[in-house]
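[1] next one to model:
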Amino acid sequence: MKEEAIYRRLFRTALLIRLVEERIIDLYPSDRIQSPVHLSIGQESVAVGVCDGLRPDDIMFATYRSHGFYIAKGGPLDAMFAELYGRKGGISGGKAGSMHLSAPEVGLLGSSAVVASSLPHAVGTALSFKRRGLSRIAVTVFGDGATEEGVYHESLNFAAVMKVPVLFICEDNGLAVHSHRPVRQSYRLPEHAAAYGIKSRRLEEGWDIMAVRQATLEAAEKVRAGEPFVLEIVTSRYKEHVGVGEDFHFNYRSSDSVEAFKKRDPLLVDTKLVEALTPEIMREIDAAVAFAEASPAPGRAELLTDVI
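    Residues are numbered from 1 along each chain as shown. Now for the predicted structure:
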């Protein structure tokens, strides 16, 4: 019974993320959303399972595709929509947009549009936790393409040498924009982490919220014991890299692999639970959108504020 309750709670959050992004798709052609968007439709189970496997005071750094992590970590939905609208009621006063979501009050310290840039931030945060004798851990989320950046290797090396409590989460959708992994990488992530003396795990069932949660709980326990850890989670991006449309007409990928993933997607398979939870979630989204639309736009006085 306890597992059923956990599954329902996680499922609701995953469904919230999907319905939020479907609302973004509906709104986007109107130009009310004032920033590019990178949708995580198909990847919700990763965000939800990972965030639920952490403690509330653990710190997370995410990527430009972070709507799911923002919501799963507990970021306020009204402030998120206001940020997408470029309004003063947004998280960053409408200045950051979709790619730089943050919610420090719930442990999402920041997101970045620069590939792999969150890794050293998480490693530095973890070093701070270690030096202060805290049991908290830092988490960095990145795509498999980020592992080709120099800072990824520097971060793994430093984390291994200093034995800091950092959890590296790789969302592996097999793509770096339109480029497939085999033409970019001569290594496999778990084997590569081992070269630095870092333990790792590859989870193939990225659609399974409960499996992702359990894998994160186990990985986080190892990290709290004083060792960095790499958790690679296989997932699928349903929509185009950036934007709200489909991209199969570009012929860099086929719909077959996405359709195979969809057959195991709980948000598509568990139709009864979707039907039961959707009305309440839609009211929550409606209220957040209404807040965004009622929030004033920043004026000339805000132009140079927050500039360092």
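
[2] look up the pLDDT of Lys239 for me, please.
    Per-residue pLDDT puts Lys239 at 95.

[3] how near is it to Leu10?
    22 Å (CB to CB, to the nearest Å). All C-beta atoms are positioned from the backbone trio N, CA, C, and that covers glycine.

[4] between these two, tell me which one has more neighbours.
    Leu10 (22 against 19; other CB atoms under 10 Å).

[5] what's the more buried one in contact with, if anything?
    Val48, Gly49, Asp52, Ile209, Met210, Arg213 (CB atoms under 8 Å, 6 or more residues apart in numbering).

[6] list the buried residues in the helix or strand hosting it.
    Element membership for Leu10, per DSSP states H and E: helix 2-27. For helix 2-27, the buried set under the neighbour-count rule, 16 or more other CB atoms under 10 Å, comprises 7, 10-21, 23-25, 27.

[7] mind listing the strands for this protein?
    59-63, 108-112, 138-143, 166-172, 175-176, 179-180, 199-203, 229-234 (DSSP state E).

[8] hmm, back to that, show me the contacts of Leu10 that map onto helices.
    Secondary structure from DSSP state H places Val48, Gly49, Asp52, Ile209, Met210, Arg213 of the contacts of Leu10 in helices.

[9] could you dump these into a markdown table with pLDDT, distance to Ile285 and neighbour count added?
    Putting these into a markdown table (pLDDT from 0 to 100; distance: CB to CB, whole Å; neighbours: other CB atoms under 10 Å) gives the following:
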| residue | pLDDT | distance to Ile285 | neighbour count |
| --- | --- | --- | --- |
| Val48 | 98 | 17 | 27 |
| Gly49 | 98 | 22 | 27 |
| Asp52 | 98 | 21 | 19 |
| Ile209 | 98 | 20 | 26 |
| Met210 | 98 | 25 | 17 |
| Arg213 | 98 | 24 | 21 |
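
[10] going by distance to Ala82, which of these wins?
    Of all these, Ala82 sits closest to Val48, with 23.0 Å by CB to CB.

[11] distance check, that closest one against Ile25.
    20 Å.

[12] cool, and Leu84?
    Leu84 sits 12 Å away from Ile25, going by CB to CB.

[13] with Gln185 instead?
    Distance from Gln185 to Ile25, by CB to CB: 31 Å.

[14] now do Pro182
    31 Å.

[15] over to Asp286?
    Taking CB to CB, one finds Asp286 at 16 Å from Ile25.

[16] burial measure for the residue nearest to Cys51 when sequence neighbours are not counted, as a count.
    Once flanking residues are discounted, Cys51 sits nearest to Ala72: 3.9 Å by CB to CB, 6 or more residues apart in numbering. Residues near Ala72, counting by other CB under 10 Å, number 28.

[17] I am finished for the moment; much appreciated.
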